[in-house]
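Q: What follows is a predicted structure for the sequence shown.
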Amino acid sequence: GDTVTARVTAILTHPVPDLTKLRHDVPPNVFGLIRQMLEKDPDRRINSVRRVGAEVENMLRNLDSATEVMEPPVLANPGQPAKPDSRFNTPTNMNIPAFALEPENAVGNVQNQSATRNITLDDISSTSNTDNERITAPQTSQEIVTTPQRRVPVWAWAVMAVLAMAVVGLGLVASGVLTPAETVEVDAAVLPAPSGDTLRVLIADIQPLSGASERDITRMIMNDLEQRYEIGNTHTKLDIVRYPESITSQDDAVTIANREKAAVVVWGTYDNNRVQLDVQAGSVALFPTIHFPRGIIDRIANVRLELQDPQTESIAPYVAGVVGILHSADGNLAEWARMIAIIPTDVTAPTVVRSSAANTHCYFQQYLASPDTATSCIDSAISAEPGNAILYWLRAMARNRDYLIEFVDERMLPAQLNTLRDAAAQDFETAKRLGPDNWVMPLFSHLDGSTVGNRKSNLVIVNDVNEIETAVSLRSDDWTPLYIRAELAYKQGDIDLAREYIDRALESEPDVTLPYTSALLLALRQGDLAAVHDYIETIVMDFPDYTVSARMFDVLIGVTIPESLIPGIFSNLVIGQYSAASNIAQAFNQGNSSPGLFGGDETLILLTGISQCGQGNYEQANLAFTNVINFDRTFAFARLMRASAAREVGDRSRFDSDLESLRNSSQADILAPYIDAVNTGELTCANVFDLNVLGRYHPDEVVPDA
């Protein structure tokens, strides 16, 4: 008889016997699955229990489908396809048929049975902490018709038994019991290390289930994300990368993300009818100031999505949402705002299946378009996880933004406005209590109550200096807390200290115009026109798309403030488009009284005067400069510009008076070459922001006398 060694050798080397000769009623796809599980070549063998489960589920789904022609069932939620729950879904703490549409809420394209899904409050079912509880769709008066269960044939039970044994064998192979001594090392990175400060989004090979027609689903997903986040928008800081292997579990995804330095991992399977993808948080090591347990992040970030047509449906909003949650936990306010700003709205969204993170992603996707819906979504998320500090901070930001918008628009009664402000403050405080002590997000609790105004008054609430100093110490390489600290110094009247903090913020080389714009405004106040020249050059040359900062402003405060417009005005002044610059400034001045972060409202009036000079309207320019001086008599640059306008209209008395005042001011030394140039007419209020003219007086360009 055979020895044990001979039998084991036969198992490891001989081909799998043809099961159809043993059982003629075994379908070919079942035999194919078992043969793949017992494949001797490890590169061709299915090595994941989850993959086996998905294959079996696919077979049973086909088995469950009736062969008789029957009337389709009437659904409680008409318009949505009926589909059974997955038998092999990764367990979560709730089941949400998320983003399902009532027919009256569907904005849609009825072609291909696809619709652009807009999330509304009615779409979010109440949540539960019970793993196995099903949340059903709202009941209607329509009758729910169920189809009779079909009897499972005997062969199916036999197949299940065989598969169970095969899974055990698969486990033995995976554990090394039935594997030859040779092992595969997986520690080495497959991809080159990412460069710069971009975050890698890893798209693993999406694997076909048995019987599925071969399609490059991975390339479809890649094309969509590359178009939206690398080609169509070059300011996302996301790097879409294809991973040349498949991923079969969440744990494997995390392991590979850590190895490949990926912030987000996308992986999954497909058959001929659907694509199922997991979009999950990757390596938290890329976010050095995350101090939350990973589980807290995973529960509100990771989603499983089902796509019917990957060529028309997009997972892009979920990718940005996962990164946004990581930035929330890390304390990176500017990058959190960037992620919300880049979320595309012109997409057909896939269906979220069985994920507790559905409500969080609803919040991100509705934050700008429908603040009320976003707040309702995060309310549901908090109901499911009342101890998660990140969720309270997210709600606080939405409420704070809503409060600022309502203050400027004056649509709420004062009592209602105060209630909204108190609710936001309470959420900030709760986030502070629940979160780690070294988490900075709750410290930014008044964004930004000192920058906006309405027709009656300006808000005066500001961030606490001590808390912002703490944020600066916790995130010393982040320009955002330094920027906020500079704003506080400016509001306290200390322009020199404000400039010091702004200079520190610029050391990290921010890739948005906001800190450079504010540095420019402070340099104007200090009469440092050499620095003004350099900042304008940086803004115009390095940040031609100044709308990035404007969109981030919209996320943070929802209100247009001067600093969001100034880059566009300077860009037009530099190239001589004076009327375009004037139109931007005047449109703001007529409809908004917000003071801005660093005296931006006064600077807008100043720039309006310069644009009037460029158009030859010197009397109007003189009036604009005088208004600025009346606001702040120490604003020396405004006086220099008024002297130039007075020279053009022949007002010699005003011209001489302003130049004499400048020569006796505290900025006389730094402004000396510019005062002389205005005196001779070489530098005027029309050409002052012509970089070629302004550059003549730059210290780096001046040739010393021989």
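A: That came through, no problem.

Q: measure the nearest residue to residue 395 once chain neighbours are set aside to residue 662 for me?
A: Nearest residue to residue 395, sequence neighbours excluded (Cβ to Cβ, 6 or more residues apart in numbering): residue 378, at 4.6 Å. To be clear about C-beta, it is placed using only N, CA and C from the backbone, and glycine gets the same treatment. From residue 378 across to residue 662, the span is 54 Å (Cβ to Cβ, to the nearest Å).

Q: which one of these two has more residues nearby?
A: residue 378 (29 against 21; other Cβ atoms under 10 Å).

Q: which stretch of helix or strand covers the more buried one?
A: Using DSSP states H and E, residue 378 sits in helix 371-384.

Q: One more: residue 246?
A: Judged by DSSP H and E, residue 246 forms part of no helix or strand.

Q: i'd like the first residue to be 114 from this point on
A: Yes, from this point I'll number from 114; that puts the last item at residue 359.

Q: so it touches residue 322, yeah?
A: No. With contact defined as Cβ atoms under 8 Å, residue 359 does not reach residue 322; the gap is 11.9 Å.

Q: Between these two, which is the more surrounded one?
A: More neighbours surround residue 322 than the other of residue 359 and residue 322, with 20 against 17 (other Cβ under 10 Å).

Q: Which pLDDT does the model give that one?
A: For residue 322, the model assigns a pLDDT of 93.

Q: isn't it right next to residue 381, touching?
A: No. In this structure, residue 322 is not within contact of residue 381 by Cβ under 8 Å, at 10.4 Å.

Q: Quick check: closest non-adjacent residue to residue 513.
A: Using Cβ to Cβ, 6+ apart, the closest residue to residue 513 is residue 537 (4.4 Å).

Q: same question but for residue 398, I mixed them up
A: Here the residue nearest residue 398, using Cβ to Cβ, 6+ apart, is residue 371, at 6.5 Å.

Q: before we move on, which element is that neighbour in?
A: helix 363-373.

Q: Now that helix: buried residues?
A: Buried residues in helix 363-373, defined by neighbour count with 16 or more other Cβ atoms under 10 Å: 363, 365, 366, 367, 368, 369, 370, 373.

Q: Stretch 492-501 too?
A: 492, 493, 494, 495, 497, 498, 501.

Q: mind listing what's buried in the helix or strand harbouring residue 700?
A: Here residue 700 sits within helix 691-704, counting by DSSP H and E. Buried positions in helix 691-704, judged by neighbour count with 16+ other Cβ under 10 Å: 691, 694, 695, 697, 698, 701.

Q: How about stretch 750-763?
A: Quick answer for stretch 750-763 (16+ other Cβ under 10 Å): 750, 751, 752, 753, 754, 755, 756, 757, 758, 759, 760, 761.

Q: was I right about residue 735 contacting residue 757?
A: No. Residue 735 lies out of contact with residue 757 (Cβ under 8 Å); the separation is 9.5 Å.

Q: Between the two ends of stretch 316-323, what distance do you get?
A: 21 Å (Cα to Cα, to the nearest Å).

Q: Stretch 493-508 now?
A: Rule used - Cα to Cα; the end-to-end distance of stretch 493-508 is 11 Å.

Q: Now do it, average pLDDT.
A: Stretch 493-508 comes out at a mean pLDDT of 96.

Q: Could you do stretch 730-742 as well?
A: 95.

Q: Next, the closest residue in space to residue 455 that isn't next to it in sequence: secondary structure please.
A: With sequence-adjacent residues excluded and distances taken as Cβ to Cβ, 6+ apart, residue 455 is closest to residue 349, at 4.9 Å. Taking DSSP: H, G, I helix; E, B strand; the rest coil as the rule, one finds residue 349 in the coil state.
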